[in-house]
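J.: quick check, what structure comes out for this input:
(chains A, B, C and D)
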2 protein chains.
Amino acid sequence: MASLGELERSVMDLLWAGQEAATANTLRDQLARTSAARGGPGHEGKELAVTTVLTVLSRLEKKGLVERERGTRPHRYQAVSSRADHTAELMHEVLGSAPDREAVLARFIGSVSEGEAETLRKLLGHL
Amino acid sequence: MASLGELERSVMDLLWAGQEAATANTLRDQLARTSAARGGPGHEGKELAVTTVLTVLSRLEKKGLVERERGTRPHRYQAVSSRADHTAELMHEVLGSAPDREAVLARFIGSVSEGEAETLRKLLGHL
DNA sequence: TGCAGTTTTCTACGCTTCGTAGAACTATAA
DNA sequence: TTATAGTTCTACGAAGCGTAGAAAACTGCA
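T.: As a prediction, the model looks like this:
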């Protein structure tokens, strides 16, 4: 239960981008304004109903990606983990289902840019 | 369009396991017999109709994961790429959608077993 | 050459997920 | 205590997936 729909992803992107917890209304506005909402820049996001945003937020909460403060009245929503953490976790998930992990890693490393290979060497160096 | 359903995955597992191209009937039998079909061992797979297997194979073909020889009468199906290649590609896909690739890699490396870290070091060494 | 069996394609149905939002309910501020 | 802002409930249509029958296409044999 890890994959996200298009709107769900847009919402997560906003939550990951902002450091503060956001309300449904804030997000709604950002979705309407931001080009992050629908792919390419120059493409203004759609005007969504607040209920739509709330539904999506609930679903994201059920999926464990979002956490909400129920105390305050306009509930405030925030991502449970950073985008980097989440993505890394996803990568592990993908890798995890493979019986031939080493082979996968080999292929993976094989098609990484030189710059990133360098980064990886550094990261692996001091372990 | 990368995610697979449960049955689709079972079929891919069989195709990845065998080296020869297989027919729908062969796969049907293997699905009925193998425990690879449904998770745990000891759990015998279900008896599926051949048409079911064929439908799934067509869908996998459309997704670009499977390739079929139309020449021979019982068509023969095989995986387009190895499981390792496919999985590595998936990992790149997941990583690719992140603007903060380096941060993701850092998190990813951070939670890799020591054995695998060693493997990675070796792989990165001779590049 | 025409049939009987085999294989493939077409069509379809039920279930689940996702985008979308109205209706109804609830808390809050004045 | 009531208008108003916010939340939950319910729902519908599209797409993806498991599943398979019906129909069409093909093959080997009589």
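
J.: can you give me the strands for chain A?
T.: In chain A, the segments counted as strands under DSSP state E are A:66-69, A:76-79.

J.: packing partners of the first one?
T.: It refers to strand A:66-69. Secondary-structure packing of strand A:66-69 (3 or more Cβ pairs under 8 Å, 6 or more residues apart in numbering or on different chains; DSSP states H and E): helix A:50-62, strand A:76-79. C-beta: built from backbone N, CA, C; applies to glycine.

J.: closest to DNA strand C out of those?
T.: Closest approach to DNA strand C among the helices and strands packed on strand A:66-69 is made by helix A:50-62 (3.7 Å; Cβ to the nearest atom of the strand).

J.: outside of the closest one, which residues touch it?
T.: When contacts are defined by Cβ atoms under 8 Å, 6 or more residues apart in numbering or on different chains, helix A:50-62 is touched by residues A:7-8, A:11-12, A:24-25, A:27-28, A:31, A:66-68, A:77.

J.: try stretch A:86-96
T.: A:2, A:65, A:79, A:81, A:101, A:104-105, B:87, B:90-91, B:94-95, B:97-98, B:104-108, B:110-111.

J.: that stretch near DNA strand C anywhere?
T.: No. Contact of stretch A:86-96 with DNA strand C (Cβ under 7 Å from any atom of the strand) is absent, the minimum separation being 13.5 Å.

J.: same check, this time on stretch A:71-82
T.: Yes. Judged by Cβ under 7 Å from any atom of the strand, stretch A:71-82 and DNA strand C are in contact via A:Arg73.

J.: endpoints of that stretch, how far apart?
T.: Distance across stretch A:71-82, first residue to last, is 23 Å (Cα to Cα, to the nearest Å).

J.: repeat for stretch A:11-26
T.: In stretch A:11-26, first residue to last residue: 11 Å (Cα to Cα).

J.: that one vs DNA strand C: in contact?
T.: No. Legend: contact between stretch A:11-26 and DNA strand C by Cβ under 7 Å from any atom of the strand is lacking; minimum distance shown is 8.2 Å.

J.: would you turn the strands of chain A into a markdown table with mean pLDDT and distance to B:Gly125?
T.: Compiled in a markdown table, these are given as follows (pLDDT from 0 to 100; distance: least, Cβ to Cβ, whole Å):
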| stretch | mean pLDDT | distance to B:Gly125 |
| --- | --- | --- |
| strand A:66-69 | 97 | 41 |
| strand A:76-79 | 98 | 36 |
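
J.: mind putting those into CSV with mean neighbour count?
T.: Below are the strands of chain A laid out as CSV (neighbours: other Cβ atoms under 10 Å in any protein chain shown):
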stretch, mean neighbour count
strand A:66-69, 16
strand A:76-79, 20
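
J.: got a markdown table for these, with distance to B:Arg73 too?
T.: Listed next are the strands of chain A as a markdown table, based on distance: least, Cβ to Cβ, whole Å:
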| stretch | distance to B:Arg73 |
| --- | --- |
| strand A:66-69 | 53 |
| strand A:76-79 | 54 |
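
J.: A:Thr119 is nearest to which of those strands?
T.: A:Thr119 lies closest, by Cβ to Cβ, to one member of those: strand A:76-79, at 24.1 Å.

J.: next, see if the closest one gets close to DNA strand D.
T.: No. Residues of strand A:76-79 contacting DNA strand D under Cβ under 7 Å from any atom of the strand: none, with a closest distance of 7.7 Å.

J.: and that strand, how far out from the chain's middle?
T.: Distance of strand A:76-79 from its chain centroid, counting by Cα atoms, centre = their mean, to the nearest Å, is 12 Å.

J.: give the other helices and strands that that strand contacts.
T.: Secondary-structure packing of strand A:76-79 (3+ Cβ pairs under 8 Å, 6+ apart): helix A:6-17, strand A:66-69.

J.: returning to that earlier point: reformat the helices and strands packed on strand A:66-69 as a markdown table; add distance to A:Trp16.
T.: Shown next, in a markdown table, are the helices and strands packed on strand A:66-69 (distance: least, Cβ to Cβ, whole Å):
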| stretch | distance to A:Trp16 |
| --- | --- |
| helix A:50-62 | 12 |
| strand A:76-79 | 5 |
